[in-house]
Structures are given as C-alpha cells and as structure tokens.
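Undergrad: sequence-free structure coming up:
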C-alpha cells in the first residue's frame with residue numbers, strides 16, 4: 001500500500017535525512033554529547049549505600065541515554081504520519097494534511113469538527129513550545145563554538161546578532177519551501193553529522209567507543225522492562241520522573257507536527273517503507289552520532305582529559321560540549337563544522353514545524369499544493385520571536401518546558417488512540 005498515487009518525490013537519502021533532522025534539532029548535539037553525564041551524576045539504580053563500581057556507573061549512564069533516544073518513541077511519530085497520510089492521500093477524507101481532522105474522523109463522534117479545532121489549537125501550542133526548547137538548546141552551543149573558533153568572548157551584542165542571523169537563514173528557507181530550501185539543508189546537515197561522527201570514531205579511541213556501545217546496549221536489552229517502568233517509589237530520587245517520564249512527554253509533544261511533516265514528504269512511499277524509515281532510520285542516526293559522542297565524552301572523563309561530569313554538575317553543560325570537541329585533532333575546523341550543523345539543525349526543525357502550522361491555518365487551497373510562502377514566513381517569525389523575546393528579558397526556558405509537558409499530556413492520549421486505530425486497520 002502506498003501513500004498516494006504518485007512516485008516518491010525525494011531520493012531515499014534526502015527523505016531519510018529530512019526524517020532524521022525534522023523535530024529534535026540541536027538537541028541531538030547537546031544531549032548526544034553530554035546526557036550521559038547528567039545520568040552519571042544522578043546515579044540511577046544506585047542504592048543508598050552506593051554499591052556500584054565507577055565502570056558500571058558509566059555504563060548505566062549511557063544505557064539510560066540510549067533508552068531515551070532508542071527506537072521506543074518513534075512509533076508515536078509513525079502513528080501520526082501513517083494515519084494522517086493514509087486518510088489524506090488514499091481515502092481523501094481530509095482537505096489537507098491535518099492532525100486535528102484525522103483525529104476527528106477516527107473519533108466518529110458528534111461534534112468532531114469542534115474536536116478538530118481544539119486539537120489544532122493545542123497542536124499550535126506544541127509547535128511553539130517544541131521550537132522554543134530546540135532554540136534554547138541550540139543557540140548557546142553555536143555561541144560558544146563561535147567564541148572558540150574566533151578566539152574571543154562572545155558579548156551579549158554578539159549573541160543577539162547571532163540570533164537574528166540564524167533566524168534570517170530559516171526565514172529564507174521557510175519562504176522558498178521544502179523542495180528548494182529544507183531538502184538541501186537537510187542533506188548538508190546529514191553530511192556534516194556523518195563527517196564529525198566518523199572523524200571522532202577513527203581519530204578518537206575507536207576500540208573504547210565500540211566496546212562501550214556493546215556494554216551500554218546490553219544493559220538496556222537485559223533490563224528494559226525495569227528501566228521502562230521503574231519509578232523509584234521507595235528511594236524517591238525523582239530520577240525517572242525528571243528524565244524518563246519527561247523524555248517520553250517531550251517526544252510526544254513533537255508527534256503531531258513531526259507526523260504531519262513526515263506524511264508530507266512520504267507521498268508515494270509504501271506504508272511499510274515509511275514505518276521502517278521512521279522506526280529504524282531515526283534511531284540508527286541517533287545510535288551513530290549519540291553513541292560515538294557519548295563514549296568519546298566518557299573516555300575523556302575517565303582519563304581526566306576533560307572533567308565532563310564536574311562541568312555538568314557546575315551548570316556548565318554547554319561549555320562542556322565545546323570542550324569535548326576541542327580535544328579532537330583540527331579542533332577549530334571540527335568546531336566550525338559543529339556550529340554549521342547546529343544552525344542547519346535549527347533551520348530544519350523550525351522549517352518543518354512552521355510548514356505544519358501554516359498547513360493548519362490555510363485549509364482551503366488547491367489540492368496538492370503547499371501553504372503559501374507568506375503563511376510559512378509568518379509562522380517562522382511567530383515560533384521564533386516568542387522564545388527570542390524570553391532571551392532578551394532573561395526569562396527561563398523552563399517555562400516552555402513546562403508548557404511542552406502540559407500540552408504533551410492530551411497529545412499523548414490522542415497519539416495512543418491513533419496508534420490503536422492504526423493497528424486495528
């Protein structure tokens with residue numbers, strides 16, 4: 001069964017690349033490099049007596065990172081993409097690719113149009129909160145990378161200039177559209193990720209990284225039910241709630257707009273191919289980049305080259321990311337590439353999210369056409385100006401994290417409903 005009647009519009013490389021780069025953005029660079037350090041400091045599954053060796057503690061830290069980024073959240077995106085796409089392309093039951101219309105159709109209840117509007121409003125809030133979180137993780141990394149490459153301490157004025165420069169890039173990308181803008185930037189982004197990943201693997205401690213892969217993943221496979229369901233009711237550490245539960249909700253908040261965007265770029269693909277690309281393509285990308293950078297960071301920490309865990313404990317996590325990359329050969333070139341990748345990740349994330357937002361507010365347009373460039377541009381400004389205003393006034397990005405969690409709860413319920421309907425069909 002294919003989504004629609006046309007041939008695929010994009011090559012397999014570009015298609016999978018857009019699947020990988022849409023949504024999570026610079027969070028991949030940030031969490032992929034140092035999330036393990038947060039888990040090491042939190043010491044999950046360590047009893048009060050601390051009966052765990054340092055080696056095992058590092059392995060557990062990576063295991064929880066892999067739990068959060070492994071192929072366990074992607075079924076959410078798959079359910080949204082396949083149900084929205086199948087209803088629009090094959091059954092032709094919705095005027096546009098719309099999460100709200102899809103949910104209302106499958107609900108089969110009176111007042112479904114009201115349900116659709118409410119869901120779309122919640123969906124728009126999820127777009128804003130998700131983009132704000134992504135921008136909040138990405139901009140500091142680009143800032144510190146620029147400071148290291150050009151050997152200066154970035155001032156606040158430089159920070160603001162960088163913000164507007166990055167924003168201008170994805171305004172242009174959003175205006176010219178997916179085919180001319182996002183697809184090419186996504187390709188360059190993937191090339192950069194592959195380049196840095198392979199360079200780190202072979203220029204760094206190759207055997208240590210590969211051995212670490214196997215050790216960490218074996219822990220996940222052996223203890224998956226406990227890691228997934230453990231809530232620490234006796235120890236009351238709040239680690240599962242602050243990390244695993246938050247992570248699932250964070251992933252869920254990306255579900256609707258990521259799913260609608262994936263349906264848009266998957267026209268002409270088979271349902272089986274789309275499911276496999278989402279469920280396996282993204283985790284393979286995370287497995288490649290996050291695994292290499294995590295174990296390289298662990299190597300630096302174990303051998304006292306960079307005290308990553310201490311920097312994270314001292315609230316210097318963004319600086320720690322750059323310190324990790326500074327230890328590589330040709331470090332200024334590598335950090336320059338990292339900054340470019342960070343910008344491209346921001347562009348692809350905001351571009352894909354604003355496409356889906358504009359798609360909702362412009363339902364009456366010729367079939368098979370994208371939202372107008374003006375609508376996409378307006379939403380690009382909207383989803384960036386709100387978090388940027390918070391940077392200017394010094395507001396905490398945790399406001400948007402809280403908004404993301406509140407929005408994610410009803411979205412997660414609706415996604416579970418669509419996932420069940422997908423299986424039943």
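TA: Noted; the coordinates are in hand. What you are looking at is a predicted structure, and each value in this text was computed from that prediction instead of being measured.

Undergrad: Centre of the chain to stretch 87-104, how far?
TA: How far stretch 87-104 lies from its chain's middle: 25 Å, per Cα atoms, centre = their mean, to the nearest Å.

Undergrad: so for it, what's the average pLDDT?
TA: Stretch 87-104 shows a mean pLDDT of 77.

Undergrad: What pLDDT is listed against the closest residue to residue 78 other than its chain neighbours?
TA: Counting by Cβ to Cβ, 6 or more residues apart in numbering, residue 78 lies nearest to residue 278, which is 4.7 Å off, once chain neighbours are set aside. C-beta coordinates here come from the backbone N, C-alpha and C atoms, glycine included. pLDDT, residue 278: 82.

Undergrad: My guess is residue 278 contacts residue 20. True?
TA: No. Using Cβ atoms under 8 Å as the test, residue 278 is too far from residue 20 to be in contact (9.8 Å).

Undergrad: can you tell me which helix in this protein is longest?
TA: When the chain is parsed with DSSP state H, its longest helix is helix 112-149.

Undergrad: Next, the buried residues of it.
TA: Within helix 112-149, the residues scored as buried using 16 or more other Cβ atoms under 10 Å are 112, 115-116, 119-120, 122-124, 126-149.

Undergrad: again, but for stretch 322-334
TA: 322-325, 327-328, 334.

Undergrad: And the residues you listed, which two are furthest apart?
TA: Within these, 323 and 334 form the most distant pair, 12.6 Å apart (Cβ to Cβ).

Undergrad: quick one: contacts of the helix or strand hosting residue 173?
TA: Assigning secondary structure by DSSP states H and E places residue 173 in helix 156-176. Contact with helix 156-176 is made by 139, 142-143, 146, 154, 181-182, 185, 343, 346-347, 350-351, 354-355, 373, 376-377, 379-381, 384, 388, 391-392, as judged by Cβ atoms under 8 Å, 6 or more residues apart in numbering.

Undergrad: per-residue confidence averaged over it?
TA: On average, helix 156-176 scores 73.

Undergrad: Name the residues that touch the next helix or strand after it?
TA: Scanning forward in sequence from helix 156-176 by DSSP H and E, the next helix or strand is helix 183-203. Contacts to helix 183-203, defined as Cβ under 8 Å, 6+ apart, come from residues 10, 13-14, 17-18, 20-22, 28, 173, 209, 285, 288-289, 292-293, 296, 328-329, 334, 337-338, 340-341, 344-345, 347-348, 351.

Undergrad: List only buried entries from these.
TA: 10, 14, 17-18, 20-22, 28, 173, 209, 285, 288-289, 292-293, 296, 328, 334, 337-338, 341, 344-345, 347-348, 351.

Undergrad: mind listing which of those are in helices?
TA: Those of the buried ones among the contacts of helix 183-203 lying in helices (DSSP H): 14, 17-18, 20-21, 28, 173, 209, 285, 288-289, 292-293, 296, 334, 337-338, 341, 344-345, 347-348, 351.

Undergrad: From the buried residues of stretch 322-334, pick the one nearest residue 313.
TA: Nearest to residue 313 among the buried residues of stretch 322-334: residue 323, at 14.1 Å, using Cβ to Cβ.

Undergrad: Which residue, neighbours along the chain excluded, lies closest to that closest one?
TA: residue 306 is the one closest to residue 323 (Cβ to Cβ, 6+ apart), at 4.9 Å.

Undergrad: Tell me how far the helix or strand hosting residue 323 lies from the chain's centre.
TA: Applying DSSP H and E as the criterion places residue 323 in helix 317-326. Helix 317-326 sits 20 Å away from the centroid of its parent chain (Cα atoms, centre = their mean).

Undergrad: Since that was my last question, I'll sign off now.
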